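Novice: Everything below, folded, please.
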Amino acid sequence: MVATFEVGLIVTSRSLSLMELARPLGQEPAAGSHNKGDARIDGSRWETTVLWLNTRAAGAGLVAQCLQVLGDMPPKCAELAGGKADDLCVSLDVAAFYEGAYFNVVLPSDLIRELASKGVDVEITVYPVVSQEDSESCGDWKGR
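Specialist: Just a heads-up that it's a prediction; the model follows:
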């Protein structure tokens, strides 16, 4: 089984702007970030500001990426905006890509304690990846 991970931080607020959320972290918002009221592709408006921050430890293991993202945060999520917003929602976004019949991940207790101390939720999305060998053995399944 081969697995790779991409980790990022997602911060949402109905009352703060993108820059008010990003400034305390000293990072530029990643693609997908937007302000409340920005136009969506369908012409409607976003109801919340969403700040996406990608890990600076890309390619490292899952725990190293998580700890790097958490290390950039203040001790409590509410401090992200200097206490200006009580509507912050902060989560660690983990994308896992794997080859094989199954996938499992272990989150060490020290990582869980760090998440809990900062009030950060975790969202894990798992994506199966078809290996080159599997693709070749399946033949042209698209045409069937």
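
Novice: for the chain, what are the low-confidence residue spans?
Specialist: Residue ranges of the chain with pLDDT under 70: 1-2, 74-85, 131-144.

Novice: and with 50 instead?
Specialist: For the chain, the stretches with pLDDT under 50 are 134-144.

Novice: Could you measure from the residue nearest the centre of it over to residue 6?
Specialist: With distances taken as CA atoms, centre = their mean, the residue of the chain nearest its centroid is residue 93 (2.5 Å). Distance of residue 93 to residue 6, given as CB to CB, to the nearest Å: 8 Å. Placement of C-beta: from N, CA and C, glycine included.

Novice: what does stretch 44-54 contact?
Specialist: Contact with stretch 44-54 is made by 6-14, 16-18, 21-22, 25, 27, 29-40, 69, 72, 93, as judged by CB atoms under 8 Å, 6 or more residues apart in numbering.

Novice: same deal with stretch 104-124?
Specialist: Residues outside stretch 104-124 that contact it (CB under 8 Å, 6+ apart): 3, 9-10, 62-63, 66-67, 70, 73, 75-78, 89-94, 96.

Novice: Mind jotting down where the strands sit in this structure?
Specialist: 2-13, 49-54, 89-99, 121-128 (DSSP state E).

Novice: returning to that earlier point: generate a PyMOL selection restricted to the buried entries among the contacts of stretch 104-124.
Specialist: If you want just the buried ones from the contacts of stretch 104-124 in PyMOL, going by 16 or more other CB atoms under 10 Å, the selection is:
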select buried, resi 3+9+10+62+63+66+67+70+73+77+78+90+91+92+93+94+96
